[in-house]
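1. coordinates only, sequence not included:
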C-alpha cells in the first residue's frame, strides 16, 4: 500500500534474468540460469507478449520452450518419502539438471555424500 499523493509507479524497462546495474554491487553475480514461466506484471503476461510481438521493444536472448523431462516423474506423497540411488560418480566436472514442483516452501531436494567431507546438497528455503 502506498500512502500519500503519489500512487503511480512507472517503468521504462523491465529486465529479467540479469543484473544490468552493477555499479552498486560489491561482487558481480552470475546471470539467471533456469526457466521463467507466466511472468505477470499489472495483469499482463510479459513473456507471452514478447513472444507474440505485442511489446514495442523486447530483447530476448533466451529460448522459448522447456527441456524434456529426462526420466519418469516421481511423486513423494509424505514428507518422510525419499528416493535412494547409487553414489554419484562425478569426478572433476558434472552437469546436473532436474525439475521439481512443490507445495512446500522449504525442503531438502538432493543430497549426495562422497569421500570424507565431500558432498552436494540442494535445498529449497522460503521458495
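-> That came through, no problem. Remember, it's a predicted structure, so these values are computed and weren't measured experimentally.
2. what about residue 51, how many residues nearby?
-> When neighbours are defined as other CB atoms under 10 Å, residue 51 has 13 of them. For every residue, glycine as well, the C-beta is placed using N, CA and C.
3. could you chop the chain up by domain?
-> Domain assignment for the chain by automatic domain parsing gives 1-66, 68-127.
4. looking at those, which one has the lowest mean pLDDT?
-> Among the domains of the chain, domain 1-66 has the lowest mean pLDDT, at a mean of 69.
5. now do the SS call for residue 110.
-> Assigned with DSSP: H, G, I helix; E, B strand; the rest coil, residue 110 falls in the strand class.
6. do the same with residue 100
-> Each residue gets one of three states, and residue 100 gets coil by three-state DSSP.
7. count of residues packed around residue 112?
-> Taking other CB under 10 Å as the definition, residue 112 ends up with a neighbour count of 15.
8. now it: how far from residue 76?
-> Residue 112 is 17 Å from residue 76, where distance means CB to CB, to the nearest Å.
9. for residue 61, same thing?
-> The separation that residue 61 has from residue 76, given CB to CB, amounts to 36 Å.
10. SS state for residue 120?
-> Classified using three-state DSSP, residue 120 is strand.
11. cool, the one 3 residues further on as well?
-> Secondary structure assignment for residue 123 (three-state DSSP): strand.
12. who does it bridge with?
-> For residue 123, the beta-bridge partners are residue 108 (DSSP bridges).
13. show me what contacts it?
-> 106-109 (CB atoms under 8 Å, 6 or more residues apart in numbering).
14. before we move on, what about residue 101?
-> When contacts are counted by CB under 8 Å, 6+ apart, residue 101 touches no other residue.
15. tell me which of residue 61 and residue 76 has more neighbours.
-> Set side by side, residue 61 and residue 76 show unequal neighbour counts under other CB under 10 Å, the larger going to residue 76 at 12 against 6.
16. what's the nearest residue to the more buried one if we skip its chain neighbours?
-> Excluding its sequence neighbours, the residue lying closest to residue 76 (CB to CB, 6 or more residues apart in numbering) is residue 82, at 7.3 Å.
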